[in-house]
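Any chance you can model this:
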Amino acid sequence: MSSLSAVSSQSQWQTARVFISSTFMDMHSERDVLIKTVFPVLRERCRHHKINLFEVDLRWGITQQEAESNRSLQLCLEEIDRCRPFFVGMLGNRYGFVPSSYNSAVATAPTFDWLLKYPSGRSVTELEFAYGVFNAEPKAYENEIKA
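Below you'll find the model as predicted:
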């Protein structure tokens, strides 16, 4: 029995959230295709299996005040946790915003202690991939990351 069949045989509805990761200044048209074309079709298919599907695109979810207070990294990582295991990552021409430190995320959430071991000077997008794809296990990719 497929996982969708197992879910649809349940009487209660389930929720699936999909995190979309790319730099905010890149991949606009690709994100738009996902939001306007792909996700509506997936949402309809999921509905038949009693699954509510939501895409999480933080292009619209982070305020200027949150970005200026260095909370964007923490908010992105928290949202990845809420969306697990669904993560769509898109790479383009830009590297993305590099926070001055990761301390604000680590200080407020012990879940993000892995940032203490992660090389500094990395973009939020790279950190999203590391956390969303590799689950922030430094041993899994430490040999691949060069400062």
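
so which helix or strand takes in residue 16?
Using DSSP states H and E, residue 16 maps to strand 14-21.

same question for the helix or strand that that strand is followed by, mean pLDDT?
Reading on from strand 14-21 to the C-terminus, the next helix or strand found by DSSP H and E is helix 28-33. Helix 28-33 shows a mean pLDDT of 92 in the predicted model.

Need the CA coordinates for the helix or strand just after helix 28-33. CSV is fine.
As assigned by DSSP H and E, the chain's next helix or strand after helix 28-33 is helix 39-47. Extracted in CSV, the C-alpha atoms of helix 39-47 (Å, rounded to 0.1, in the frame of the first residue of the first chain):
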residue,chain,number,x,y,z
PHE,A,39,1.3,23.4,-6.4
PRO,A,40,-2.3,24.0,-7.5
VAL,A,41,-2.3,20.6,-9.3
LEU,A,42,-0.5,18.9,-6.4
ARG,A,43,-2.9,20.4,-4.0
GLU,A,44,-5.9,19.0,-5.9
ARG,A,45,-4.3,15.6,-6.1
CYS,A,46,-3.5,15.6,-2.4
ARG,A,47,-7.1,16.7,-1.6
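
buried sites along the following helix or strand past helix 39-47?
Going down the chain from helix 39-47, the next helix or strand is strand 51-56, by DSSP H and E. Using 16 or more other Cβ atoms under 10 Å as the test for burial, strand 51-56 gives 51, 53, 55-56. For the C-beta atoms, the positions are set from N, CA and C on the backbone; glycine is no exception.
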